[in-house]
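J.: Quick one, structure for this:
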Amino acid sequence: MSPLDTIITTAHAIVSSGKPPSLALIKRQLGTQYPMPVLIQGLQQYKAMTEQEKHVLSQDILALKEDKNKKDIADVQTDIDNPTSVQTQAMMTQLQQYISVLTQRLDALTQEHAMLKKKVAQLENNK
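T.: Numbering: from 1, shown residues only. As a prediction, the model looks like this:
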């Protein structure tokens, strides 16, 4: 998207939120990445648009958002289906920690079981 397209889209978003577009609002949303003359030109172009052109712009923005949402969903699914080596390494580390905790718990339970067995044997011998 060109700088002017970005500024026009931002002005339209401001109007859609119920506010009149102004340089201050556009600059607040876009920051300092565009020089003032370009901001002025973009705002002037937006204000010169007909209602029909603004309606088409709304439809284009909706289509872009829908495409972005579909892409984001596809990216998430790809991440799930094909984890990166960093994700795989993180999962492996987590699993190793979990195995270590379970092993320690098993050792403690095994010792407790052995001790209880001895106590039962002693009690049976004292009868």
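
J.: Helices of this structure, residue ranges please.
T.: In the chain, the segments counted as helices under DSSP state H are 3-16, 23-30, 36-48, 51-81, 85-125.

J.: which of these sits most buried?
T.: Each of these was assessed for mean neighbour count using mean count of other Cβ atoms under 10 Å. The highest is helix 3-16, with a mean of 18. Where C-beta positions appear, they are placed from N, C-alpha and C, glycine not excepted.

J.: tell me how far the worst-scoring helix or strand of the chain on mean pLDDT is from the chain's mean position?
T.: Within the chain, no helix or strand scores below helix 51-81, which has a mean of 81 by mean pLDDT, DSSP states H and E. Average the C-alpha atoms of helix 51-81, do the same for its chain, and the two points are 16 Å apart (Cα atoms, centre = their mean, to the nearest Å).

J.: any idea of the angle that helix forms with helix 3-16?
T.: Helix 51-81 runs at 100 degrees relative to helix 3-16, counting by axes from the mean of the first three to the mean of the last three Cα atoms, to 10 degrees.

J.: Helix 51-81 relative to helix 85-125, how many degrees between them?
T.: Compare the direction of helix 51-81 with that of helix 85-125 by the same axes, to 10 degrees and you get 40 degrees.

J.: just checking, what packs against helix 51-81?
T.: Counting contacts by 3 or more Cβ pairs under 8 Å, 6 or more residues apart in numbering; DSSP states H and E, helix 51-81 packs against helix 3-16.

J.: Give the other helices and strands that the helix it packs on contacts.
T.: Counting contacts by 3+ Cβ pairs under 8 Å, 6+ apart, the secondary-structure elements packed against helix 3-16 are helix 23-30, helix 36-48, helix 51-81.
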